[in-house]
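> any chance you can model this:
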Amino acid sequence: MYRKEIKVLDCTIRDGGLMNNHKFSDEMVRRVFKAVNNSGVDYIELGYKADESQFSRSEFGPMKFCSEKDLERIVGDSEKKCKISVMGDIGRFNPNELIPRGESYIDMIRVASYVKDIDKAIDMVNSIKSKGYEATINIMAVSHARERELDEALEQIEEESGVDVVYLVDSFGALYSEQIAYLAKKYKKALRTREVGIHAHNNQQLAFANTIEAIIQNINYLDGTIFGIGRAAGNCPLELLLGFLKNPKYDVRPILDVLESDVVNLRKEIEWGYTIPYMITGVLDLHPRAAMKLRDGKDKDGYLKIYDKLTTEANI
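Now for the predicted structure:
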């Protein structure tokens with residue numbers, strides 16, 4: 001599928017960092033940056049913009065903070081062909097402390113927000129935009145949002161924010177293609193002057209398929225990660241997405257190269273991707289924390305036990 005309006009964002013390091021407290025070596029992050037930078041992908045999200053008074057560098061790696069010095073070590077004197085993105089969580093960083101975009105390595109800041117916090121997200125986005133950055137609002141856990149509240153949030157974003165893109169986020173990997181189509185139409189109708197994006201999780205092995213459905217519904221901003229790395233079940237695999245898009249500006253060869261040199265070996269150190277516990281939380285539309293705890297324990301393959309526990313707690 002070729003459509004010139006489509007933009008691809010790689011969030012390998014940001015989303016993958018949720019599985020190891022962002023403790024990637026600078027060398028690996030540089031290799032991923034180089035690969036994405038040379039692949040034609042439009043954006044790379046290198047991590048979070050977290051307040052160092054709230055989070056310790058002894059506990060988290062540099063990409064949790066993405067200071068200008070951290071980013072300088074990664075980018076160096078490379079020609080920056082892709083734009084750099086970071087994510088900001090409400091209450092975990094102060095946008096007023098941002099330097100102007102023209103002085104920063106960062107081009108885009110994505111604000112993660114639940115429907116209930118849309119007021120705060122809009123305030124944060126407007127502050128970010130005043131510094132010259134591109135900005136998005138990523139509406140998390142949309143599968144749990146009440147429809148009327150979601151409608152009101154989208155209307156408020158359209159009327160009160162300067163945001164560039166609003167992301168439909170399937171946080172729990174619970175949505176099917178019909179639901180993606182329904183929500184995509186809702187977002188597109190409400191957000192008349194904004195772009196819409198998709199961030200899909202792979203609990204039911206539908207992240208790629210749901211991203212394709214979003215493309216069919218004219219969503220133009222697409223998230224992916226190399227080898228699907230990300231929290232718990234992970235995300236839409238970037239290499240699959242680039243293969244599907246058939247756009248000559250995208251070159252999958254650098255992605256395959258870093259996948260071979262780094263990401264496959266990383267899979268031996270930290271776990272992500274489709275497993276039965278993550279499937280169960282996806283089917284039940286639940287946060288994967290219980291499955292993540294199980295996979296970190298001794299009874300990591302206790303499938304029936306976690307299913308019975310979660311269905312009992314949810315009164316299913």
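> distance between stretch 156-170 and the chain's centre?
15 Å (Cα atoms, centre = their mean, to the nearest Å).
> ditto for stretch 272-284
Using Cα atoms, centre = their mean, the offset of stretch 272-284 from its chain centre is 18 Å.
> for the stretch 151-300 of the chain, just list every one of the strands.
Taking DSSP state E, counting those that start in this stretch as the criterion, the stretch 151-300 of the chain contains strands spanning 165-170, 195-200, 221-224.
> tell me the helices and strands packed up against the last one.
In other words, strand 221-224. Here strand 221-224 touches strand 7-10, strand 165-170, strand 195-200, helix 207-216, helix 238-245, going by 3 or more Cβ pairs under 8 Å, 6 or more residues apart in numbering; DSSP states H and E. In this view, the C-beta of every residue, glycine as well, is placed from N, C-alpha and C.
> what's the closest of these to I109?
strand 165-170 (11.3 Å; Cβ to Cβ).
> which residues are contacting that closest one?
Residues from elsewhere that reach strand 165-170 (Cβ atoms under 8 Å, 6 or more residues apart in numbering): 110, 134-143, 154, 157, 180, 183-184, 187, 191, 194-201, 207, 210, 214, 219, 221, 223.
> next, the buried residues of stretch 72-82.
I74, V75, C82 (16 or more other Cβ atoms under 10 Å).
> element containing the first one?
I74 is part of helix 68-75 when elements are defined by DSSP states H and E.
> how far does the helix or strand following that helix sit from the chain's center?
For helix 68-75, the following helix or strand on the C-terminal side (DSSP H and E) is strand 83-89. Distance of strand 83-89 from the chain centroid (Cα atoms, centre = their mean) equals 10 Å.
> one more: stretch 239-248?
18 Å.
> other residues contacting that stretch?
With Cβ under 8 Å, 6+ apart as the test, stretch 239-248 has contacts from 1-2, 6, 8, 39-41, 208, 211-212, 222, 224, 226-227, 250-252, 255-256, 259.
> enumerate every residue touching the residue lying closest to A232 once chain neighbours are set aside.
Distances taken as Cβ to Cβ, 6 or more residues apart in numbering place P288 nearest to A232, at 3.8 Å, with adjacent residues excluded. Counting by Cβ under 8 Å, 6+ apart, P288 touches F172, G173, N203, R231, A232, A233, P277, Y278, T281, G282.
> re earlier: could I get the strands of the stretch 151-300 of the chain as CSV with distance to N96 and mean pLDDT?
Conversion of the strands of the stretch 151-300 of the chain to CSV gives the following (distance: least, Cβ to Cβ, whole Å; pLDDT from 0 to 100):
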stretch, distance to N96, mean pLDDT
strand 165-170, 22, 98
strand 195-200, 25, 98
strand 221-224, 26, 98
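> of those strands, which is nearest V263?
Evaluated over those, closeness to V263 peaks at strand 221-224, with 12.8 Å, by Cβ to Cβ.
> domain ranges for the protein?
What the record gives for the chain is the domain set 7-266, 276-313, from automatic domain parsing.
> most neighbours per residue, which of these?
Comparing the domains of the chain by mean neighbour count (mean count of other Cβ atoms under 10 Å), domain 7-266 ranks first with a mean of 19.
> first-to-last residue distance for it?
Using Cα to Cα, to the nearest Å, the end-to-end distance of domain 7-266 comes to 27 Å.
> helices along the stretch 151-300 of the chain, start to end?
In the stretch 151-300 of the chain, the helices defined using DSSP state H, counting those that start in this stretch lie at 177-190, 207-216, 238-245, 253-258, 264-266, 276-283, 289-296.
> could you list the low-confidence segments of the stretch 1-150 of the chain?
Along the stretch 1-150 of the chain, the parts satisfying pLDDT under 70 run over 1.
> mind jotting down where the helices sit in it?
Using DSSP H, counting those that start in this stretch, helices in the stretch 1-150 of the chain cover 12-16, 26-39, 68-75, 118-130, 147-160.
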